[in-house]
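Asks: Okay, structure incoming, though there's no sequence with it:
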């Protein structure tokens, strides 16, 4: 992904330490969680990066706080429409980058910016999480 995307650098202070915190030895590690606040242009760059450097798996849109999320589809145009529609509340992108699967959640803030929450997902039950 593009340099400067929050959470992609192992030394980034936005990286969560939750991955190392386990309830017991039998519990799998939690994934790293990366969070940042992005302007619209930065959110659009994430879509561009996914389109050109990753394999999109699904896009899920949340209409508002009380509504159920729409069924996921692999459609970046749907994600771009979300950025343009100030009435929509949230967007979740699931994609494969290299050998890893990632989930990005973009939540619209009252200021017009977006909160990004990014986390890795295991591809299957046997694979270690990246990071």
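Replies: Structure's in. What do you need? Note that the structure is a prediction, hence the values are computed from the model and not measured. Numbers count the residues shown, from 1 in each chain.
Asks: ok so residue 96 is a helix residue?
Replies: No. Under DSSP: H, G, I helix; E, B strand; the rest coil, residue 96 sits outside any helix and is assigned strand.
Asks: residue contacts, it?
Replies: By C-beta atoms under 8 Å, 6 or more residues apart in numbering, the residues touching residue 96 are 54-55, 57, 102. C-betas here are computed from N, CA, C, even on glycine.
Asks: What of residue 83?
Replies: Contacts of residue 83 (C-beta under 8 Å, 6+ apart): 40, 43-44, 47, 91.
Asks: For the host helix or strand of it, buried residues please.
Replies: Assigning secondary structure by DSSP states H and E places residue 83 in helix 76-84. Neighbour-count burial for helix 76-84, counted by 16 or more other C-beta atoms under 10 Å, picks out 79-80, 82-83.
Asks: Just give me the neighbour total for the residue lying closest to residue 57 once chain neighbours are set aside.
Replies: Distance criterion C-beta to C-beta, 6 or more residues apart in numbering; nearest residue to residue 57, sequence neighbours excluded, is residue 94 at 4.4 Å. Using other C-beta atoms under 10 Å, the number of residues around residue 94 comes to 18.
Asks: And residue 112, by the same measure?
Replies: Residues near residue 112, counting by other C-beta under 10 Å: 9.
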